[in-house]
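Peer 1: using only what follows, build the 3D model:
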Amino acid sequence: MLYVGHFRFECERPGLGPHHGEFTLLLEAEDADEAAEAMAEQILTRHHSLTYGAKDVWLDHLIELEKIPPEGVVTKASLSMGAEPVTMYASLPHNESEFCRMFGQGPDPEDDIEAAESYEHEPFLVFDEEAEPEPKKRTKPPRPKGKRDAADVDRAASEGMAQPQHKLPKKRKKK
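Peer 2: Numbering: from 1, shown residues only. A predicted model of the protein is given here:
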């Protein structure tokens with residue numbers, strides 16, 4: 001199975017002050033417990049520079065994919081209030097070129113750094129400002145308080161009220 005882990009962390013970096021970040025880790029494992037263990041090991045070893053200065057790392061969601069559907073799947077969406085914060089983005093920050101290929105807009109900086117720096121990015125999609133979005137209809141009645149399951153978390157996230165998990169799952173006893 002393929003597993004996608006969405007993580008976040010806060011850290012204090014010398015000379016830079018408080019920071020927070022998030023990252024997504026994809027790997028293959030036999031089950032969710034094995035995936036969580038492998039992700040923890042990867043974060044502590046291979047990807048430790050991402051979380052330098054962090055006191056802890058939070059697992060928001062662990063997603064299991066039996067296969068990737070032909071129409072694709074969005075595994076995370078984020079919305080921030082207010083103006084866009086100062087943010088650093090990095091795709092494939094640890095050069096996973098053996099298994100991954102990255103595509104971007106504009107000239108490759110390795111081919112022509114000046115052209116890449118002067119390139120003006122264009123939006124991937126442009127929406128019609130006059131179009132009115134259709135209101136989302138609630139498909140299921142709310143569940144009673146105190147009884148939550150994975151469907152509740154998914155529903156809350158889709159309605160903009162994410163309820164993240166905060167620790168790596170504990171290893172379950174095998175039957």
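Peer 1: apart from its neighbours in sequence, what residue is nearest residue 14?
Peer 2: residue 53 (7.7 Å; Cβ to Cβ, 6 or more residues apart in numbering). Every C-beta, even on glycine, is put in place using the N, C-alpha and C of the backbone.
Peer 1: report pLDDT for that neighbour.
Peer 2: Residue 53 is assigned 83 on the pLDDT scale.
Peer 1: what about the spatially closest residue to residue 76 that is not a sequence neighbour, which SS state?
Peer 2: Excluding the flanking residues, the one nearest residue 76 by Cβ to Cβ, 6+ apart is residue 6, at 5.1 Å. Judged by DSSP: H, G, I helix; E, B strand; the rest coil, the three-state class of residue 6 is strand.
Peer 1: how many residues are close by residue 6?
Peer 2: Look at residue 6: counted by other Cβ atoms under 10 Å, it has 19 neighbours.
Peer 1: one more: residue 28?
Peer 2: Quick note: residue 28 (other Cβ under 10 Å) scores 11 neighbours.
Peer 1: how about the helices in this structure?
Peer 2: 32-44, 113-118, 150-158 (DSSP state H).
Peer 1: quick one: the strands in the chain, in order.
Peer 2: Using DSSP state E, the strands of the chain run over 2-13, 17-28, 54-65.
Peer 1: let's have the ones you listed in CSV, adding distance to residue 48.
Peer 2: Listed next are these as CSV, based on distance: least, Cβ to Cβ, whole Å:
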stretch, distance to residue 48
strand 2-13, 12
strand 17-28, 12
strand 54-65, 10
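Peer 1: what about those, which gets the closest to residue 114?
Peer 2: Of all those, it is strand 17-28 that lies closest to residue 114, at 29.9 Å by Cβ to Cβ.
Peer 1: tell me the angle the closest one makes with strand 54-65.
Peer 2: Angle, strand 17-28 to strand 54-65, by axes from the mean of the first three to the mean of the last three Cα atoms, to 10 degrees: 30 degrees.
Peer 1: worst mean pLDDT among the helices of the chain?
Peer 2: For the helices of the chain, the weakest mean pLDDT is recorded on helix 150-158, namely a mean of 47.
Peer 1: low-confidence ranges, the protein, go.
Peer 2: 94-97, 102, 129-175 (pLDDT under 70).
Peer 1: mind doing that once more with 50?
Peer 2: Counting by pLDDT under 50, the ranges of the chain that qualify are 138, 140-150, 152-175.
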